[in-house]
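Colleague: Give me a model of this one.
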Amino acid sequence: MKTYKCMICGWIYDEAKGSEKEGIALGTKWEDIPEDWVCPDCGVTKDQFEMVEI
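Modeller: Next up is the predicted model:
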């Protein structure tokens, strides 16, 4: 499982944890999140995220 960070605001998406608040189930891969999804904190698109080691 991988972790992704918004390069604008720092919001973290962890595939293992998903994001219950955003309706994303545990174990949802980054590539399975819709392309029109936006960061819940700052509203930028997926292309503003990068994979990070936590």
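Colleague: mind listing what residue 18 touches?
Modeller: 24-28 (C-beta atoms under 8 Å, 6 or more residues apart in numbering). All C-beta atoms are positioned from the backbone trio N, CA, C, and that covers glycine.
Colleague: Name whatever forms a beta bridge with the residue positioned nearest the centre of the chain.
Modeller: For the chain, the residue sitting closest to the mean C-alpha position, by C-alpha atoms, centre = their mean, is residue 13 at 3.6 Å. Beta bridges link residue 13 to residue 4, judged by DSSP bridges.
Colleague: hang on, it packs against residue 21?
Modeller: No - if you go by C-beta atoms under 8 Å, residue 13 and residue 21 don't touch, sitting 11.4 Å apart.
Colleague: Quickly list what's touching both of the two.
Modeller: With C-beta under 8 Å, 6+ apart, residue 13 and residue 21 have no common neighbours.
Colleague: neighbours around the residue lying closest to residue 21 once chain neighbours are set aside, how many?
Modeller: Leaving aside its chain neighbours, residue 21 sits nearest to residue 40 (7.1 Å; criterion: C-beta to C-beta, 6 or more residues apart in numbering). Counted with other C-beta atoms under 10 Å, the neighbours of residue 40 add up to 14.
Colleague: I'd like to know how far residue 50 sits from residue 23.
Modeller: 23 Å (C-beta to C-beta, to the nearest Å).
Colleague: quick one: average pLDDT of stretch 46-54?
Modeller: Averaging pLDDT along stretch 46-54 gives 95.
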